[in-house]
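> this one's sequence-less:
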Ligand code: SF4
Ligand code: SF4
């Protein structure tokens, strides 16, 4: 069970690509959050596991609520013998060492958004006042990494900063991060020139991955690692995919339920509402959304990359095409780029018998005997036509 509490719609930043809507000051009440936790824990059998995420807006604007709900979640986990994993995604500007110490002590896994070096970050992630948020976000990222070295740093790739994408990967890893995500803005205005830049820059990201492994560093770049794992497993498995409402629910401050926190926005689009805390999940509504998502990928049915493509992700589809059931043109192109680069770097490191790579992906330190290199570049699919 994954339960995300959208603590507030407010944010102190005004990122140009923000999908969280125009921002209101509405925050979750203590009573509603407690009700959501009770509901979420009731879905999990004793001995099971729950992941509770804190999201926004900027969740650290409601630090009091986050602490309150985390302590309550820990109580429920103890009472019901349920394993609790907690996460928070923050823009980092309000993350002090004292707060990070508390989060680390309570086992809350932190992800910090930072778009890269100063110029890149400042291009699209200003404070709401227009001032630069770079110094504060970078300080927050460093505070998090100092207490929790596996903190994920997330940079959004967008047509407005894609020309520096490979430099962003290098910058984030140079800060000491071991886990990074170069999260594409699927809703961006990706013209052909930007797509070509994306493909070229992502090759540079692959080169950075190679460079780190050759230097003995074990780094995780989400878009590459996912594709390598997908190949080694002969396709992404159920456990690698989100469930979009089935076992994964986000709760808005109003009490509306959504299949993914990224679809909450300002809580104003009824297409994605799958119920309310008062009435519970509307099964018919959820199933309509869920099965539409599974049944409409006819555009992809003959694609060789389909088993490891993230066209299963309803919210990424929705941002890229307007339809949760169908991937848009940019998502399709980005997936092909990620797979091509992942195959190149994995094949290279495999044949170099890179010990860090072999230990990470094969749990071996030498090329395993009798194992064929599982990383070959496949012919790419015919891209999904632009749909919106
Ligand atoms: S920090 Fe997050 S919620 Fe705030 S404006 Fe940026 S993307 Fe939106
Ligand atoms: S056609 Fe595109 S979106 Fe569909 S499976 Fe292939 S790469 Fe993915």
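It's in. For clarity, every value in this text was computed on a predicted model and none was experimentally measured. Ligands and ions are numbered 1, 2, ... in the order given.

> what packs against the strand or helix carrying residue 194?
Residue 194 is part of helix 192-214 when elements are defined by DSSP states H and E. Judged by 3 or more C-beta pairs under 8 Å, 6 or more residues apart in numbering; DSSP states H and E, helix 192-214 is in contact with helix 165-174, strand 220-221, helix 222-232, helix 329-351. Using the backbone N, CA and C atoms, a C-beta is placed for each residue, glycine as well.

> starting at the chain centroid, how far to it?
Centre-to-centre, helix 192-214 and its host chain are 19 Å apart (C-alpha atoms, centre = their mean, to the nearest Å).

> what about residue 225, distance to residue 20?
26 Å (C-beta to C-beta, to the nearest Å).

> look at those two and report which has more neighbours.
residue 20 (21 against 18; other C-beta atoms under 10 Å).

> wait, a helix at the more buried one?
No. Counting by DSSP: H, G, I helix; E, B strand; the rest coil, residue 20 is not found in a helix; it is coil.

> can you list the neighbours in contact with the helix holding residue 194?
The set of residues external to helix 192-214 that reach it, using C-beta atoms under 8 Å, 6 or more residues apart in numbering, is 157, 159, 162-167, 169-170, 173, 182, 184, 188, 190, 219, 221, 223-224, 330, 333-334, 337-338, 341-342, 344-345, 348-349, 352, 354, 356-357.

> whichever of these end up buried, select them in PyMOL.
Those of the contacts of helix 192-214 that count as buried under 16 or more other C-beta atoms under 10 Å are selected in PyMOL with:
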select buried, resi 157+159+162+164+165+166+167+169+170+173+182+184+188+190+219+221+223+224+330+333+334+337+338+341+342+344+345+348+349+354+356+357
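
> do you know which of the helices and strands packed on helix 192-214 lies nearest residue 361?
Counting by C-beta to C-beta, residue 361 lies closest to helix 222-232 out of the helices and strands packed on helix 192-214; the figure is 6.1 Å.

> helix or strand next in line after that closest one, which one?
Using DSSP H and E, the helix or strand that follows helix 222-232 in sequence is strand 248-251.

> mind listing what that next one pairs with, with the direction of each?
Using DSSP bridges, the strands paired with strand 248-251 are strand 2-6 (parallel), strand 256-258 (antiparallel).

> contacts for the first one, please.
Taking contacts as C-beta under 8 Å, 6+ apart, the residues outside strand 2-6 that touch it are 28, 33, 36-37, 40, 50-57, 69, 242-243, 247-253, 261, 264, 267.

> and that strand, which residues are buried?
2-6.

> tell me what the helix or strand that that strand is followed by is packed against?
Next along the chain after strand 2-6, taking DSSP H and E as the criterion, comes helix 30-42. If contacts are counted by 3+ C-beta pairs under 8 Å, 6+ apart, helix 30-42 sits against strand 2-6, strand 49-55, helix 63-80, strand 248-251.

> now what about the last one, what contacts it?
Going back to what we said before, that points to strand 248-251. Residues from elsewhere that reach strand 248-251, judged by C-beta under 8 Å, 6+ apart: 1-6, 28, 32-33, 36, 40, 53, 55, 242, 257-261, 263-264, 274, 277, 281.

> hmm, it touching ligand 1?
No. Using C-beta under 6 Å from any ligand atom, we find that strand 248-251 stays clear of ligand 1, coming within 13.8 Å at best.

> tell me which parts of the stretch 201-350 of the chain are close to ligand 2?
So the stretch 201-350 of the chain meets ligand 2 at 299-300, 303, 305-306, 309, 311, 327, 331-332, 335-336 (C-beta under 6 Å from any ligand atom).

> try it again with 8 Å
Residues of the stretch 201-350 of the chain lying near ligand 2 by C-beta under 8 Å from any ligand atom: 297, 299-300, 303-306, 309-311, 327, 331-333, 335-336, 339.

> selecting buried members of those in ChimeraX, what would you type?
Entered in ChimeraX, the line below selects the buried ones among these, by 16+ other C-beta under 10 Å:
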select :297,299,300,303,305,306,309,310,311,327,331,332,333,335,336,339
